[in-house]
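> make a model of this:
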Amino acid sequence: MDNSNIHIVPNTFMIVGLVSMGTNFFASKISQDALDAARFPRWKNFLKPYYAVSCFFTTLMLLAVIMSYVMKGSLESSLKIGLKNGIRFYKDTDTPGRCFQKQNIDRLQMEFQCCGNNDLRDWFDVQWISNRYLDFSSKEVKDYIKSNVDGRYLVHGVPFSCCNPSSPRPCIQHQITNNSAHYNYDYQTEELNIYVRGCREALVNYYMGLMNTIGTGVLSVFAIQVLYTLLILES
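Residues are numbered from 1 along each chain as shown. Got it, this is the predicted structure:
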């Protein structure tokens, strides 16, 4: 992700979760002592502070759920820029700070069955093969470089991690749009050859699926927390 501010939602969930464990342990102790008329009076002075802390963190928990849905646009824009940079630096395996960029992108595309940022064509606009692996004495390499204004080696190809193992034929990852370069091939109908879904869409769907699950759980916990706090006050 490009924007670190997006981390506020998961960080809030973790902080609230840890604090809730402590407050719930405290509440269980109060409930246990409430069964004994001799021990309960010592907790009466702690009930109001406990109520204030519980209200604050249960409200914070609810706000985190709301923020997770409100910040969907920020999540998508952050992923858009982050994935764009990841694809751009894919070839920089020898550059400090970017050594694992290739590995991360490959794992991402294989695990989420996606290709590129928006789609596979994102790989056509970047040089994703490092110069150290190009034979500059080759006429083909020279022609590709000369055909681009920036002098980059741009090809209509994608990394191996974009290949769909469900394809009945061996993966075609180079000259994808050139039908004449492959026998019995039409790239517009070969849907199984390369993953057609972009990784941004795959990740947004994954994160929102998580938030739907977590949101339901958090709302349930929020309702239980409110009920539990009210029961403590009545005691």
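> quick one, what contacts the spatially most central residue of the chain?
Central residue of the chain (Cα atoms, centre = their mean): L203, 5.1 Å from the mean position. Going by Cβ atoms under 8 Å, 6 or more residues apart in numbering, L203 touches 79, 83, 108, 112, 114. (Each C-beta comes from the backbone N, C-alpha and C, glycine too.)
> so which one among the residues you listed has the lowest pLDDT?
Note: of the contacts of L203, the lowest pLDDT belongs to L79, at 89.
> and the pLDDT for the closest residue to that residue other than its chain neighbours?
Closest residue in space to L79, ignoring its immediate chain neighbours: R200 at 5.0 Å, by Cβ to Cβ, 6 or more residues apart in numbering. If you check R200, the pLDDT there is 94.
> tell me, how many residues neighbour R200?
Residues lying near R200 (other Cβ atoms under 10 Å) number 24.
> so V218 touches M61, yeah?
Yes: judged on Cβ atoms under 8 Å, V218 makes contact with M61 at a distance of 5.7 Å.
> what residues are shared contacts of those two?
F13.
> one step back: just to be sure, the residue nearest to the centre of the chain is in a strand?
No: counting by DSSP: H, G, I helix; E, B strand; the rest coil, L203 falls outside a strand, being helix.
> in the helix or strand where S54 lies, what counts as buried?
Taking DSSP states H and E as the criterion, S54 maps to helix 44-70. By neighbour count on 16 or more other Cβ atoms under 10 Å, the buried set for helix 44-70 is 50, 54, 57-58, 61-62, 64-65, 67-68.
> just the contacts of L203: which are in helices?
79, 83, 108, 112 (DSSP state H).
> next one: the spatially closest residue to the last one that is not a sequence neighbour from N85, what distance?
Taking Cβ to Cβ, 6+ apart as the measure, F112 lies nearest to A202, with 4.2 Å between them; neighbours along the chain are not counted. Using Cβ to Cβ, to the nearest Å, we find A202 at a distance of 17 Å from N85.
> likewise for M71?
On the measure of Cβ to Cβ, M71 and N85 end up 20 Å apart.
> these two: which has the busier surroundings?
M71 (18 against 14).
> helix or strand: which one has L231?
helix 199-234.
> and that helix, what's buried?
Buried-residue list, helix 199-234, by 16+ other Cβ under 10 Å: 199-204, 207-208, 211, 214-215, 218, 221-222, 225, 228-229, 232.
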